[in-house]
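>>> Sequence plus the predicted model coming up.
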Amino acid sequence: MDGGITVQPTTALSATLSFTKEKLRRYDTGLIAFDENIVSLKSTYQFSRFLFARGRVDFDSREVRSDIGSLQKLMIGFFATTLGSIIAGVVLLFLSHH
């Protein structure tokens with residue numbers, strides 16, 4: 001089951017909130033192998049034609065129950081995505097002026 005909503009309050013800012021539910025039942029035993037809910041928030045801010053910042057935050061119910069380090073993974077993923085977007089934007093900006 002999937003669902004989501006996208007809002008764009010300004011031409012420069014957009015955000016998408018999505019929800020996914022996944023459930024797997026074993027055929028041999030009839031038991032549930034896993035049941036998880038994933039909530040994602042993605043946001044983009046366009047500074048100019050070539051420079052933008054993008055961030056993504058994911059919440060996975062299965063990881064939270066089984067892994068204390070989920071918040072650390074979440075923050076590392078967020079910063080890596082944002083830094084990668086900034087670097088890509090700067091490279092594109094540089095290339096567009098040469």
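Looks like it arrived, so ask away. Just so it is clear, the structure is predicted and the values come from calculations on it, not from any experiment.

>>> Contacts only, for the nearest residue to Gln8 once chain neighbours are set aside.
Nearest residue to Gln8 in three dimensions, chain neighbours excluded: Ser14, at 4.3 Å (CB to CB, 6 or more residues apart in numbering). To be clear about C-beta, it is placed using only N, CA and C from the backbone, and glycine gets the same treatment. By CB atoms under 8 Å, 6 or more residues apart in numbering, the contact set of Ser14 is Thr6, Val7, Gln8, Ser43, Thr44.

>>> Tell me which stretches of this structure form helices.
Secondary structure of the chain, counting by DSSP state H: helices at 61-66, 70-96.

>>> how many neighbours does the nearest residue to Ile32 once chain neighbours are set aside have?
Spatially, and ignoring its direct neighbours in sequence, Ile32 is nearest to Arg25 (5.4 Å; CB to CB, 6+ apart). For Arg25, the count of nearby residues is 11 (other CB atoms under 10 Å).

>>> cool, Gly30 as well?
Neighbour tally, Gly30, other CB under 10 Å: 7.

>>> For Thr44, see how far away Val57 is.
Here the criterion is CB to CB, to the nearest Å. By it, Val57 lies 13 Å from Thr44.

>>> To clarify, my last question referred to Thr20.
Taking CB to CB, one finds Thr20 at 20 Å from Thr44.

>>> Now do the buried residues in stretch 38-52.
Ile38, Lys42, Ser43, Thr44, Gln46, Phe50, Leu51, Phe52 (16 or more other CB atoms under 10 Å).

>>> Among these, which lie within strands?
Counting by DSSP state E, the part of the buried residues of stretch 38-52 found in strands is Ile38, Lys42, Ser43, Thr44, Gln46, Phe52.

>>> Which secondary structure element of this protein has the lowest mean pLDDT?
Lowest by mean pLDDT, DSSP states H and E among the helices and strands of the chain is helix 61-66, with a mean of 55.

>>> re the thing from before, could you find which two of the buried residues of stretch 38-52 are furthest from each other?
Ile38 and Phe50 (31.5 Å; CB to CB).
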